[in-house]
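J.: Mind looking at a prediction? Sequence and model below.
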Amino acid sequence: MGKRIIAQRRGKGSTTYRCPSFRFKGGVKHPSISQEAIKGKIIDLIHSQSHSAPLAKIVYDNGETVLMVAPENIKLNQIIEHTSKNADVGNTLHLKDIPEGTLIFNIEGIPGDGGKFVRSSGTFARVMAHTGNKTTVLLPSKKQKIFHNNCRACVGVVAGAGRPEKPFLKAGTKFHKMKVKNRLYPKVSGGSMNAVDHPFGNKRSSRKAKARVASSNAPPGRKVGMVAARRTGRKKR
């Protein structure tokens, strides 16, 4: 009898394939929405294995402590502001208060969600235009996205640029990097496996005579190869 393929084992939801969030420093988000401008102080810059960019720990005047993605050119004990009109690096503002052309990051998709867009190291977005209660933002993918102007964002560029430029050089280094978030690595093709591990696996020959087309109503274990092909065989003339 064969084994469950990796896609099935991952779908079970065991800790073997789940992200180990209990080892992470905490969630990264904007502070709670406040009607008045408040000031905060950067008390620590920390490395979090779950984030590609460094994090800044901030204590605000109202006693709230939050973690935010650290922008470039900030330092310990620096004072930053929340929901003010001052568009300095590190400040958190509503999109409607940010001038056009300003570089921003950690943008909220819905007002109050804490920030969902542009959070990885070295990235930034640009405010393009304000129209009514909407703001157009140019994302790092060069796609223009429209946000509600009550969404908040941080001013600046995320720190840690150049991180992907350093080569791994060894498979072992790559292994440890992927292990932090429990990413599947290495990815082995089904044809390279033993017959017990995958429907395409065997060592008798490299020719895979088994049909690669799986029905659209097949169970997850049988959906390998081409799923739900429109047709098979040659076209009729």
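T.: Arrived safely, thanks for sending.
J.: what residues go with each domain of the chain?
T.: Per the record, the chain has its domains at 6-16+184-227, 25-164, by automatic domain parsing.
J.: From one end of the last one to the other, what's the distance?
T.: When you say that, I think you mean domain 25-164. Start-to-end span of domain 25-164 (CA to CA, to the nearest Å) is 22 Å.
J.: Averaged pLDDT, it. What do you get?
T.: Domain 25-164 carries an average pLDDT of 95.
J.: what about Ile38, how many neighbours?
T.: 18 (other CB atoms under 10 Å). Where C-beta positions appear, they are placed from N, C-alpha and C, glycine not excepted.
J.: Which residue ranges of this protein form strands?
T.: 38-46, 55-60, 65-69, 79-82, 92-94, 103-105, 125-131, 134-138, 144-148, 152-155, 213-214, 226-227 (DSSP state E).
J.: and the domains of the chain as a markdown table, adding distance to Lys177?
T.: What follows is those, written out as a markdown table (distance: least, CB to CB, whole Å):
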| stretch | distance to Lys177 |
| --- | --- |
| domain 6-16+184-227 | 8 |
| domain 25-164 | 10 |
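J.: Just say which of those is most tucked in.
T.: Mean neighbour count (mean count of other CB atoms under 10 Å) peaks for domain 25-164 among those, with a mean of 17.
J.: and that one, how far from the chain's centre?
T.: Centroid displacement of domain 25-164 relative to its chain, using CA atoms, centre = their mean, to the nearest Å, is 15 Å.
J.: Numbering from 736 from now on, please.
T.: Yep, numbering from 736; the last one is domain 760-899 now.
J.: Check the gap between Arg854 and Cys754 for me.
T.: Plainly put, Arg854 is 16 Å away from Cys754 if you go by CB to CB, to the nearest Å.
J.: And stretch 933-940, end to end?
T.: The straight-line separation of the ends of stretch 933-940 (CA to CA) is 15 Å.
J.: out of the strands of the chain, nearest to Gly762?
T.: Using CB to CB as the criterion, the shortest distance between Gly762 and the strands of the chain is 6.9 Å, found for strand 800-804.
J.: CA-only coordinates of that closest one in PDB, if you can.
T.: The C-alpha atoms that make up strand 800-804 are tabulated as PDB, following Å, rounded to 0.1, in the frame of the first residue of the first chain:
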ATOM      1  CA  THR A 800       3.400  49.400  22.900                       C
ATOM      2  CA  VAL A 801       3.500  48.200  19.300                       C
ATOM      3  CA  LEU A 802       5.900  46.500  16.900                       C
ATOM      4  CA  MET A 803       6.300  48.200  13.500                       C
ATOM      5  CA  VAL A 804       8.300  47.500  10.400                       C
END
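J.: Provide the contact partners of that strand at residue level.
T.: Counting by CB atoms under 8 Å, 6 or more residues apart in numbering, strand 800-804 makes contact with 760-766, 775, 781, 786, 788, 790-795, 827, 840-841, 850, 854, 889, 893-894, all of which sit outside it.
J.: ok, now with 6 Å
T.: Under the criterion CB atoms under 6 Å, 6 or more residues apart in numbering, residues Gly761, Val763, Pro766, Ala788, Leu790, Ala791, Lys792, Ile793, Val794, Asn841, Arg854, Val893 lie in contact with strand 800-804.
J.: So which residues of the protein form helices?
T.: Taking DSSP state H as the criterion, the chain contains helices spanning 741-747, 906-915.
J.: Of these, give the one that comes closest to Ser819.
T.: Nearest to Ser819 among the helices of the chain is helix 906-915 (36.0 Å), distances taken as CB to CB.
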